[in-house]
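A.B. asks: Structure for this input, please:
(one chain, ligands or ions: 1)
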Amino acid sequence: MKVLNLQCSHGHGFEGWFASNEAFETQLAGGLVECPMCGGKEVTKMLSAPRLNLGAGKEAPAPEQAQQQDRHDAAQQHGRWLRAVRELMASTEDVGDRFADEARKIHYGEVKERGIRGQATREESAALAEEGIAVMQVALPAALKETLQ
Ligand SMILES: [Zn+2]
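C.D. replies: Residues are numbered from 1 along each chain as shown. Coordinates of the predicted model:
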């Protein structure tokens with residue numbers, strides 16, 4: 001079994017379980033892989049070495065906004081998400097505002113592939129996207145920001 005980190009064209013991240021990489025490619029080509037949140041079928045595999053842009057995007061909605069009966073689930077989900085973000089933080093190098101430059105260097109093989117995190121402006125993000133350089137937008141909750149460096 002292989003657990004793949006997947007993302008749809010709307011930026012929803014989710015996990016997919018497949019027998020192998022080939023099984024994933026086959027199912028994807030057959031339109032059998034879809035986003036559990038929006039049903040989107042434009043699904044891409046996320047990079048093993050993540051590039052996190054922490055500079056753009058809005059705060060994630062607080063779990064308090066969830067319906068009463070969903071509150072427990074939402075809090076649990078929020079907790080899982082926080083853990084996942086912390087793990088990503090631990091596995092990436094903070095390159096600060098050199099993020100766009102570093103992501104480009106990694107993409108073009110000028111430096112060794114590694115996970116990075118940092119800030120890119122809206123313009124830099126747009127330029128990266130135009131060059132086909134995939135980066136993840138991560139909106140950090142304020143609580144987590146304070147515990148980072
Ligand atoms: Zn989606």
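A.B. asks: Just to check, residue 35 is in contact with residue 43?
C.D. replies: Yes - Residue 35 is within contact range of residue 43, at 6.4 Å (criterion: Cβ atoms under 8 Å). In short, each C-beta sits where N, CA and C put it, glycine included.
A.B. asks: shared neighbours, these two?
C.D. replies: Shared contacts of residue 35 and residue 43, defined by Cβ atoms under 8 Å, 6 or more residues apart in numbering, comprise 6, 8.
A.B. asks: domain assignment for this structure?
C.D. replies: The record's domain split for the chain, according to automatic domain parsing, is 1-45, 90-136.
A.B. asks: what's the most buried one of those domains?
C.D. replies: domain 90-136 (a mean of 16; mean count of other Cβ atoms under 10 Å).
A.B. asks: picking that back up, possible to save the domains of the chain as a markdown table with mean pLDDT and distance to the ion?
C.D. replies: Formatted as a markdown table, the domains of the chain follow (pLDDT from 0 to 100; distance: least, Cβ to the ion, whole Å):
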| stretch | mean pLDDT | distance to the ion |
| --- | --- | --- |
| domain 1-45 | 88 | 3 |
| domain 90-136 | 90 | 14 |
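A.B. asks: Looking at those, spot the one closest to residue 78.
C.D. replies: Nearest to residue 78 among those is domain 1-45; the distance by Cβ to Cβ comes to 14.3 Å.
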